[in-house]
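S.K.: sequence below, structure please.
(one chain, ligands or ions: 1)
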Amino acid sequence: MSIEKEVIAICNMPKCKREFKNFIYDEEKSKLNDETLYKCQNCGALRPYDNLEIMKDIALALIKRGNRVFLVKRKFQPFENYWAFPGGGKEPNEHLKETAIRETKEETNLDIEIIKKLGNFIGKGDNGKKANLNIFFCKTDSIRYNVNKTECLGGKWYDINYALKNLQIIPQLKKYLTK
Ligand SMILES: [Zn+2]
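M.R.: Model prediction:
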């Protein structure tokens, strides 16, 4: 089994009120108990990995060239037909930055470089379950793109002001366009 060092999962302890908290793999306790254990960073509770309700991590790439941004039109729920940043779900043992790069390549064929993480928020993932969405500010030297129609309805470069005025963009992403 692949071990993630950190996961975000529900903590059942009264102090944590069944909310998503940061859990870290506890190597020492895991060896002692011969079981894969994670420790809640808020209350200290130990939980077996198999019992954790883990929140899916998603990486999104905000790709800018001057006053333009690359947007993709979503093909699937949630937010079907809305415009968004390229991206998708993290694979085990992949760094979130790698997820952003891989998913952008898969969806648009653009090669990107990560500049920095802009932030994260809790939203819905493709399965409708809660997901942790991480936004990365990126740049690219590629001009040519090729949108993968099995993953997106469309995609192209847009003037940021035009996009904000005229496109139906996922509301939680709008504020990042002006950063
Ligand atoms: Zn807790």
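S.K.: contact partners for the one residue sitting closest to the centre of the chain?
M.R.: Relative to the mean C-alpha position of the chain, the nearest C-alpha, by CA atoms, centre = their mean, is the one of Ile58, at 1.8 Å. Counting by CB atoms under 8 Å, 6 or more residues apart in numbering, Ile58 makes contact with Gly87, Gly88, Gly89, Lys90, Thr99, Gly125, Ala131, Asn132, Leu133, Asn134. Backbone N, C-alpha and C define where each C-beta goes, glycine included.
S.K.: what about Asn22, neighbour count?
M.R.: 14 (other CB atoms under 10 Å).
S.K.: quick check: mean pLDDT of the helix or strand hosting it?
M.R.: In the assignment (DSSP states H and E), Asn22 maps to strand 19-25. The average pLDDT for strand 19-25 rounds to 94.
S.K.: just checking, what packs against the following helix or strand past that strand?
M.R.: Of the helices and strands lying after strand 19-25 in sequence (DSSP H and E), the nearest is helix 27-33. Taking 3 or more CB pairs under 8 Å, 6 or more residues apart in numbering; DSSP states H and E as contact, the helices and strands that helix 27-33 lies on are strand 37-40.
S.K.: contacts for the strand it packs on?
M.R.: Here strand 37-40 has contacts from 7, 9, 11, 13, 16, 21-26, 29-30, 45-49, 52, using CB under 8 Å, 6+ apart.
S.K.: output stretch 125-142 as CSV - backbone C-alpha positions only.
M.R.: Extracted C-alpha coordinates of stretch 125-142, given in CSV (Å, rounded to 0.1, in the frame of the first residue of the first chain):
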residue,chain,number,x,y,z
GLY,A,125,-15.1,16.8,-6.5
ASP,A,126,-16.1,14.7,-9.5
ASN,A,127,-17.8,12.2,-7.3
GLY,A,128,-19.9,14.9,-5.6
LYS,A,129,-18.0,14.3,-2.4
LYS,A,130,-16.1,17.1,-0.6
ALA,A,131,-12.7,17.9,-2.2
ASN,A,132,-9.8,20.1,-1.3
LEU,A,133,-9.1,22.3,-4.3
ASN,A,134,-5.6,23.8,-4.6
ILE,A,135,-4.9,26.6,-7.0
PHE,A,136,-1.5,27.0,-8.5
PHE,A,137,-0.3,30.0,-10.4
CYS,A,138,1.5,28.8,-13.5
LYS,A,139,3.2,30.0,-16.7
THR,A,140,3.8,28.4,-20.0
ASP,A,141,6.0,29.0,-23.0
SER,A,142,3.7,26.9,-25.2
